[in-house]
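# make a model of this:
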Amino acid sequence: MLRFGLIVAFSGHTPSIMKNFIVALNKLLLMTPTASWPTGGSATQLAQTTTRRLFDPTDLKHVFKICYHASKEAEDLIDEREITPVERALIKAMQSHFPVNNPVSDCSALDKAYAAAMEQVYQAYGVNDLNNTTLYVDALMHTALRKIPGIFETALANRASDIHPGILHFWVHFMEMSNTPAVALPAANKLRHIVPNGGHIHHMPTHLDVLVGDYRASIDPNTEAVKADERFLAKRGARNFYSFYGFHNYHSLIYAALLSGQRRIALEATDLMEASITDELLRVGSPPMADWMEFSRL
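This is a model prediction of the structure:
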């Protein structure tokens, strides 16, 4: 269950899945005396943090409530479970990130406090732990980009990074902002089929493919991303931030097909995208789906 939660978080899934993960994890803790919570809780915070700046006030309040209670539940387990030193450090980091259960006016102070706490975790326990490295990199993405290259250099030298969706995912995001995005193409290629049901992970190589002009290479990954999204929607539905991820994958497929001269693929993807934007979806007030999706129907 913990491994599933980490993969889900590192793959870019947001509130809908993570809420179900928290419920399942709580049941696991009640049934398993030796189970511990911090890694799963940190994964939850990762999924809620990387896109937090895009949440509307209602969603933001929900995020703070979930993550605050996750950290409090973890704290309560310290005296009840066999907690390792690294787990104890992760609990403290979680608490520094969401010390209250309601949104604050300026989240930057909390982001910096969390980054400082995760730096301590990384230095003490995480240099060879790719899960904790991913959490630390995520914290630095919002606070101290200049610290990141050396951390990735160490992480990518670890052979286990070849199949780690978190490290590969964030490396692509980091390098797409640079003047040399092609440096991360090997990592992008490793991402293409690493999480079969992760639509966002299928899509991620596109962030580099389009920057180096390899538009044709983006068609198949985004086609697989759309298929993964459709499987997810068929089981769970999505009236939250993940809906935006799905439309981003449609747009990327259309863009890649157009620039590759694949007219039929572009038109078919356009039809599928428009059909998925229902009036019911646009009426969802929180998150403000009409604001997010109206450009898709232009």
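# poorly predicted segments of the stretch 151-298 of the chain, please.
Counting by pLDDT under 70, the ranges of the stretch 151-298 of the chain that qualify are 237-241, 294-298.
# again, only this time at 80
234-244, 285-298 (pLDDT under 80).
# would you map the helices across it?
165-176, 185-191, 199-203, 206-209, 219-236, 241-259, 263-276, 279-282, 289-293 (DSSP state H, counting those that start in this stretch).
# the first one packs against which elements?
Put plainly, it is helix 165-176. Under the contact criterion of 3 or more CB pairs under 8 Å, 6 or more residues apart in numbering; DSSP states H and E, helix 165-176 touches helix 2-10, helix 130-141, helix 148-156, helix 185-191, helix 206-209. Where you see a C-beta, it was placed from the backbone N, CA and C, and this is true even at glycine.
# quick one: closest of those to Ala257.
helix 206-209 (11.7 Å; CB to CB).
# which strands and helices lie in contact with the closest one?
By 3+ CB pairs under 8 Å, 6+ apart, helix 206-209 packs against helix 165-176, helix 185-191, helix 219-236, helix 241-259.
# deepest of these, which one?
Across the helices and strands packed on helix 206-209, averaging neighbours per residue (mean count of other CB atoms under 10 Å) puts helix 165-176 on top, at a mean of 23.
# now the helices of the stretch 151-298 of the chain as TSV including distance to Glu73?
Shown next, in TSV, are the helices of the stretch 151-298 of the chain (distance: least, CB to CB, whole Å):
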stretch	distance to Glu73
helix 165-176	23
helix 185-191	32
helix 199-203	27
helix 206-209	35
helix 219-236	24
helix 241-259	24
helix 263-276	36
helix 279-282	33
helix 289-293	31
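# tell me which of the ones you listed lies nearest to Asp129.
So among those, helix 165-176 is nearest, using CB to CB, at 10.9 Å.
# could you pull up the residues touching Lys112?
Thr143 (CB atoms under 8 Å, 6 or more residues apart in numbering).
# can you do 10 Å?
Ser96, Ala139, His142, Thr143, Ala144 (CB atoms under 10 Å, 6 or more residues apart in numbering).
# returning to what we had before: in a markdown table: the helices and strands packed on helix 206-209, plus distance to Lys112.
Converted to a markdown table, the helices and strands packed on helix 206-209 look like this (distance: least, CB to CB, whole Å):
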| stretch | distance to Lys112 |
| --- | --- |
| helix 165-176 | 19 |
| helix 185-191 | 28 |
| helix 219-236 | 33 |
| helix 241-259 | 24 |
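# regarding this protein, what is its longest helix?
helix 57-77 (DSSP state H).
# for that one, the averaged confidence score.
The pLDDT scores in helix 57-77 average 80.
# quick check: buried residues in that helix?
59-60, 62-64, 66-68, 70-75, 77 (16 or more other CB atoms under 10 Å).
# what does stretch 99-118 give?
Pro103, Cys107, Leu110, Asp111, Ala113, Tyr114, Ala115, Ala117, Met118.
# ends of that stretch, how far apart?
Counting by CA to CA, to the nearest Å, you get 15 Å between the two ends of stretch 99-118.
# ditto for stretch 211-223
Note: stretch 211-223 ends 19 Å apart using CA to CA.
# and that stretch, how far from the chain's centre?
Between the centre of stretch 211-223 and the centre of its chain there are 21 Å (CA atoms, centre = their mean, to the nearest Å).
# same check, this time on stretch 242-256
That offset, for stretch 242-256, works out to 16 Å (CA atoms, centre = their mean).
# roughly how far does Ala9 sit from Leu259?
In this view, Ala9 and Leu259 are 32 Å apart by CB to CB, to the nearest Å.
# go on, Met94?
Taking CB to CB, one finds Met94 at 43 Å from Leu259.
# next: Thr223.
In terms of CB to CB, Thr223 sits 15 Å off from Leu259.
# likewise Asn102?
Taking CB to CB, one finds Asn102 at 45 Å from Leu259.
# pull the contacting residues for Ser178.
Ser178 sits in contact with Pro149, Ala184, Leu211, where contact means CB under 10 Å, 6+ apart.
# narrow these to just the buried residues.
Ala184, Leu211.
# alright, calling it a day.
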